[in-house]
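Visitor: Here is a sequence with its predicted model. Questions after.
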Amino acid sequence: DAGITQSPRHKVTETGTPVTLRCHQTENHRYMYWYRQDPGHGLRLIHYSYGVKDTDKGEVSDGYSVSRSKTEDFLLTLESATSSQTSVYFCAISESKMGADTQYFGPGTRLTVL
Amino acid sequence: AQKVTQAQTEISVVEKEDVTLDCVYETRDTTYYLFWYKQPPSGELVFLIRRNSFDEQNEISGRYSWNFQKSTSSFNFTITASQVVDSAVYFCALSEARFGNEKLTFGTGTRLTIIP
(Lines give C-alpha, C1' and ligand atoms only; values in the text may rest on other atoms or scores of the structure.)
Protein backbone atom coordinates (compact mmCIF):
# COMPACT_ATOMS: atom_id res chain seq x y z
CA ASP A 1 0.00 0.00 0.00
CA ALA A 2 1.16 3.51 -0.86
CA GLY A 3 2.14 5.47 2.26
CA ILE A 4 -0.49 8.18 2.22
CA THR A 5 -2.27 9.56 5.25
CA GLN A 6 -4.91 12.23 5.51
CA SER A 7 -5.89 14.26 8.53
CA PRO A 8 -8.36 14.73 9.92
CA ARG A 9 -10.37 11.75 8.75
CA HIS A 10 -13.65 13.35 9.77
CA LYS A 11 -14.55 16.96 10.40
CA VAL A 12 -17.71 18.87 11.08
CA THR A 13 -17.54 22.63 10.79
CA GLU A 14 -19.78 25.62 10.38
CA THR A 15 -20.36 27.80 7.35
CA GLY A 16 -17.84 30.62 7.10
CA THR A 17 -15.05 28.98 9.08
CA PRO A 18 -11.65 28.18 7.57
CA VAL A 19 -10.69 24.53 7.22
CA THR A 20 -7.37 22.91 6.35
CA LEU A 21 -6.98 19.31 5.30
CA ARG A 22 -3.58 17.67 5.29
CA CYS A 23 -2.15 14.99 3.06
CA HIS A 24 1.13 13.36 3.99
CA GLN A 25 3.09 10.85 1.91
CA THR A 26 6.14 8.76 2.67
CA GLU A 27 6.81 7.71 -0.95
CA ASN A 28 8.75 10.81 -2.01
CA HIS A 29 6.50 11.09 -5.09
CA ARG A 30 6.62 14.31 -7.04
CA TYR A 31 2.94 14.67 -7.92
CA MET A 32 0.14 15.15 -5.40
CA TYR A 33 -3.56 15.82 -5.98
CA TRP A 34 -6.73 16.75 -4.19
CA TYR A 35 -10.08 15.38 -5.35
CA ARG A 36 -13.59 15.62 -4.03
CA GLN A 37 -16.13 12.84 -4.31
CA ASP A 38 -19.82 13.61 -4.56
CA PRO A 39 -22.77 11.37 -5.46
CA GLY A 40 -23.44 11.41 -9.19
CA HIS A 41 -20.10 13.05 -10.00
CA GLY A 42 -17.45 10.47 -9.31
CA LEU A 43 -14.19 12.13 -8.31
CA ARG A 44 -13.28 15.59 -9.51
CA LEU A 45 -9.87 17.23 -9.38
CA ILE A 46 -9.59 20.33 -7.19
CA HIS A 47 -5.87 21.17 -7.33
CA TYR A 48 -2.65 19.38 -7.95
CA SER A 49 1.05 19.88 -7.32
CA TYR A 50 3.99 18.90 -9.50
CA GLY A 51 6.67 19.83 -6.98
CA VAL A 52 7.42 21.91 -3.91
CA LYS A 53 5.67 25.27 -4.29
CA ASP A 54 4.42 24.27 -7.76
CA THR A 55 0.66 23.94 -7.92
CA ASP A 56 -2.12 24.30 -10.45
CA LYS A 57 -5.90 24.33 -10.59
CA GLY A 58 -8.17 21.44 -11.42
CA GLU A 59 -11.72 21.52 -12.69
CA VAL A 60 -13.42 22.51 -9.39
CA SER A 61 -10.91 24.83 -7.75
CA ASP A 62 -13.19 27.75 -6.81
CA GLY A 63 -13.26 28.25 -3.03
CA TYR A 64 -10.12 26.17 -2.46
CA SER A 65 -6.43 26.93 -2.14
CA VAL A 66 -3.45 24.64 -1.69
CA SER A 67 0.12 24.80 -0.51
CA ARG A 68 3.10 22.51 -0.70
CA SER A 69 6.15 23.58 1.26
CA LYS A 70 7.64 20.08 1.54
CA THR A 71 7.63 17.12 -0.80
CA GLU A 72 5.69 15.00 1.65
CA ASP A 73 2.89 17.42 2.58
CA PHE A 74 0.08 18.89 0.50
CA LEU A 75 -2.47 21.09 2.25
CA LEU A 76 -5.96 21.92 1.05
CA THR A 77 -7.61 25.01 2.54
CA LEU A 78 -11.19 26.12 2.42
CA GLU A 79 -10.87 29.80 3.29
CA SER A 80 -14.54 30.16 4.21
CA ALA A 81 -16.38 26.86 4.15
CA THR A 82 -19.80 26.61 2.52
CA SER A 83 -22.40 23.85 2.63
CA SER A 84 -21.64 23.03 -1.02
CA GLN A 85 -18.19 21.96 0.09
CA THR A 86 -19.60 19.13 2.17
CA SER A 87 -17.94 16.15 0.53
CA VAL A 88 -15.39 13.39 0.86
CA TYR A 89 -11.92 14.63 0.00
CA PHE A 90 -9.24 12.34 -1.33
CA CYS A 91 -5.57 12.99 -1.71
CA ALA A 92 -3.60 11.08 -4.34
CA ILE A 93 0.03 10.75 -5.34
CA SER A 94 1.88 9.63 -8.42
CA GLU A 95 5.54 9.14 -9.07
CA SER A 96 5.77 10.83 -12.43
CA LYS A 97 3.75 12.93 -14.81
CA MET A 98 0.06 12.92 -14.13
CA GLY A 99 -1.86 10.98 -16.70
CA ALA A 100 1.10 8.86 -17.61
CA ASP A 101 1.35 7.25 -14.22
CA THR A 102 -0.98 5.56 -11.79
CA GLN A 103 -2.42 7.67 -9.01
CA TYR A 104 -2.68 6.09 -5.56
CA PHE A 105 -5.21 7.42 -3.11
CA GLY A 106 -5.27 8.19 0.57
CA PRO A 107 -8.06 7.01 2.88
CA GLY A 108 -10.17 10.16 2.47
CA THR A 109 -11.52 12.90 4.73
CA ARG A 110 -15.24 13.29 5.26
CA LEU A 111 -16.06 16.97 5.69
CA THR A 112 -19.47 18.24 6.75
CA VAL A 113 -20.21 21.96 6.62
CA LEU A 114 -23.30 22.92 8.59
CA ALA B 1 -13.04 17.16 -23.93
CA GLN B 2 -12.46 13.84 -22.30
CA LYS B 3 -15.39 12.00 -20.78
CA VAL B 4 -16.07 8.65 -19.13
CA THR B 5 -19.53 7.10 -19.02
CA GLN B 6 -20.53 4.29 -16.71
CA ALA B 7 -24.16 3.83 -17.63
CA GLN B 8 -24.82 1.13 -15.04
CA THR B 9 -25.49 2.96 -11.80
CA GLU B 10 -26.18 -0.16 -9.74
CA ILE B 11 -25.91 -3.88 -10.42
CA SER B 12 -26.91 -6.77 -8.19
CA VAL B 13 -25.99 -10.37 -8.89
CA VAL B 14 -26.11 -13.58 -6.93
CA GLU B 15 -22.82 -14.92 -5.68
CA LYS B 16 -20.88 -17.03 -8.17
CA GLU B 17 -22.49 -15.36 -11.17
CA ASP B 18 -20.32 -13.52 -13.68
CA VAL B 19 -20.83 -9.78 -14.05
CA THR B 20 -19.56 -7.19 -16.50
CA LEU B 21 -19.20 -3.51 -15.71
CA ASP B 22 -19.30 -1.23 -18.73
CA CYS B 23 -17.08 1.77 -19.37
CA VAL B 24 -17.27 3.97 -22.45
CA TYR B 25 -14.86 6.84 -22.94
CA GLU B 26 -14.42 9.86 -25.21
CA THR B 27 -11.14 11.47 -26.11
CA ARG B 28 -9.60 13.29 -29.05
CA ASP B 29 -6.12 12.04 -28.28
CA THR B 30 -4.41 9.01 -29.71
CA THR B 31 -2.34 8.53 -26.57
CA TYR B 32 -4.30 8.01 -23.39
CA TYR B 33 -4.57 5.80 -20.33
CA LEU B 34 -7.49 3.93 -18.84
CA PHE B 35 -7.90 2.84 -15.25
CA TRP B 36 -10.22 0.92 -12.98
CA TYR B 37 -10.48 1.59 -9.27
CA LYS B 38 -12.47 -0.24 -6.59
CA GLN B 39 -14.08 1.52 -3.64
CA PRO B 40 -15.25 -1.03 -1.04
CA PRO B 41 -17.72 -0.09 1.72
CA SER B 42 -14.80 0.99 3.90
CA GLY B 43 -14.32 3.92 1.52
CA GLU B 44 -10.74 3.72 0.29
CA LEU B 45 -9.93 3.71 -3.42
CA VAL B 46 -8.00 0.70 -4.59
CA PHE B 47 -6.17 0.69 -7.92
CA LEU B 48 -6.99 -2.33 -10.09
CA ILE B 49 -5.53 -1.79 -13.55
CA ARG B 50 -3.91 0.73 -15.88
CA ARG B 51 -3.93 0.31 -19.67
CA ASN B 52 -2.43 2.56 -22.34
CA SER B 53 -4.10 3.22 -25.66
CA PHE B 54 -1.52 1.30 -27.66
CA ASP B 55 -2.09 -1.94 -25.85
CA GLU B 56 -5.38 -3.55 -26.82
CA GLN B 57 -4.58 -6.92 -25.39
CA ASN B 58 -7.17 -8.14 -22.95
CA GLU B 59 -5.90 -8.76 -19.45
CA ILE B 60 -6.80 -11.37 -16.89
CA SER B 61 -5.91 -11.30 -13.22
CA GLY B 62 -7.45 -14.15 -11.30
CA ARG B 63 -11.23 -13.72 -11.43
CA TYR B 64 -10.89 -10.26 -12.99
CA SER B 65 -10.58 -9.56 -16.69
CA TRP B 66 -10.63 -6.43 -18.80
CA ASN B 67 -11.72 -6.04 -22.42
CA PHE B 68 -10.29 -2.97 -24.15
CA GLN B 69 -11.79 -2.18 -27.56
CA LYS B 70 -10.69 1.03 -29.26
CA SER B 71 -13.22 0.52 -32.07
CA THR B 72 -16.08 1.02 -29.61
CA SER B 73 -14.17 3.21 -27.11
CA SER B 74 -14.89 0.76 -24.35
CA PHE B 75 -12.90 -0.68 -21.47
CA ASN B 76 -15.17 -3.19 -19.79
CA PHE B 77 -14.46 -5.08 -16.59
CA THR B 78 -15.67 -8.62 -15.92
CA ILE B 79 -15.69 -10.43 -12.61
CA THR B 80 -16.00 -14.19 -12.95
CA ALA B 81 -17.58 -16.29 -10.19
CA SER B 82 -18.38 -13.24 -8.12
CA GLN B 83 -17.91 -13.22 -4.35
CA VAL B 84 -19.40 -11.11 -1.59
CA VAL B 85 -16.05 -9.37 -1.17
CA ASP B 86 -16.46 -7.97 -4.68
CA SER B 87 -19.30 -5.75 -3.44
CA ALA B 88 -18.06 -2.21 -3.99
CA VAL B 89 -18.33 0.85 -6.17
CA TYR B 90 -16.15 0.55 -9.24
CA PHE B 91 -14.80 3.57 -11.09
CA CYS B 92 -13.43 3.75 -14.58
CA ALA B 93 -11.09 6.66 -15.32
CA LEU B 94 -9.29 8.20 -18.29
CA SER B 95 -6.25 10.42 -18.65
CA GLU B 96 -4.81 12.00 -21.74
CA ALA B 97 -1.09 12.36 -22.30
CA ARG B 98 -1.31 15.66 -24.15
CA PHE B 99 0.83 18.31 -22.44
CA GLY B 100 -1.23 20.61 -20.27
CA ASN B 101 -4.23 18.34 -20.17
CA GLU B 102 -3.05 15.32 -18.27
CA LYS B 103 -5.87 15.18 -15.75
CA LEU B 104 -7.62 12.02 -14.59
CA THR B 105 -11.32 12.02 -15.45
CA PHE B 106 -13.56 9.60 -13.57
CA GLY B 107 -16.87 8.07 -14.48
CA THR B 108 -19.68 8.30 -11.96
CA GLY B 109 -19.14 4.74 -10.79
CA THR B 110 -21.10 1.48 -10.72
CA ARG B 111 -22.26 0.13 -7.39
CA LEU B 112 -21.98 -3.66 -7.46
CA THR B 113 -23.78 -5.74 -4.87
CA ILE B 114 -23.13 -9.46 -4.62
CA ILE B 115 -26.00 -11.28 -2.97
CA PRO B 116 -24.95 -14.31 -0.90
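Guide: Nice, thanks for sending it over.

Visitor: How far away from the center of its chain is stretch A:46-65?
Guide: 9 Å (CA atoms, centre = their mean, to the nearest Å).

Visitor: Mind listing what's buried along it?
Guide: Neighbour-count burial for stretch A:46-65, counted by 16 or more other CB atoms under 10 Å in any protein chain shown, picks out A:I46, A:H47, A:Y48, A:S49, A:Y50, A:T55, A:G58, A:V60, A:S61, A:Y64. The C-beta positions use only the backbone N, C-alpha and C, and glycine is treated the same way.

Visitor: same deal with stretch A:63-83?
Guide: Buried, per 16+ other CB under 10 Å, within stretch A:63-83: A:Y64, A:V66, A:R68, A:E72, A:F74, A:L75, A:L76, A:L78, A:A81.

Visitor: same deal with stretch B:46-60?
Guide: B:F47, B:L48, B:I49, B:R51, B:S53.

Visitor: and those, which of them are in helices?
Guide: Applying DSSP state H to the buried residues of stretch B:46-60, no entry is found in helices.

Visitor: pLDDT and distance to A:C91 added to those residues, as JSON lines?
Guide: Shown next, in JSON lines, are these (pLDDT from 0 to 100; distance: CB to CB, whole Å):
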{"residue": "B:F47", "pLDDT": "94", "distance to A:C91": "14"}
{"residue": "B:L48", "pLDDT": "96", "distance to A:C91": "19"}
{"residue": "B:I49", "pLDDT": "93", "distance to A:C91": "21"}
{"residue": "B:R51", "pLDDT": "91", "distance to A:C91": "24"}
{"residue": "B:S53", "pLDDT": "90", "distance to A:C91": "27"}
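
Visitor: Between those residues, which sits nearest B:S65?
Guide: B:I49 (9.8 Å; CB to CB).
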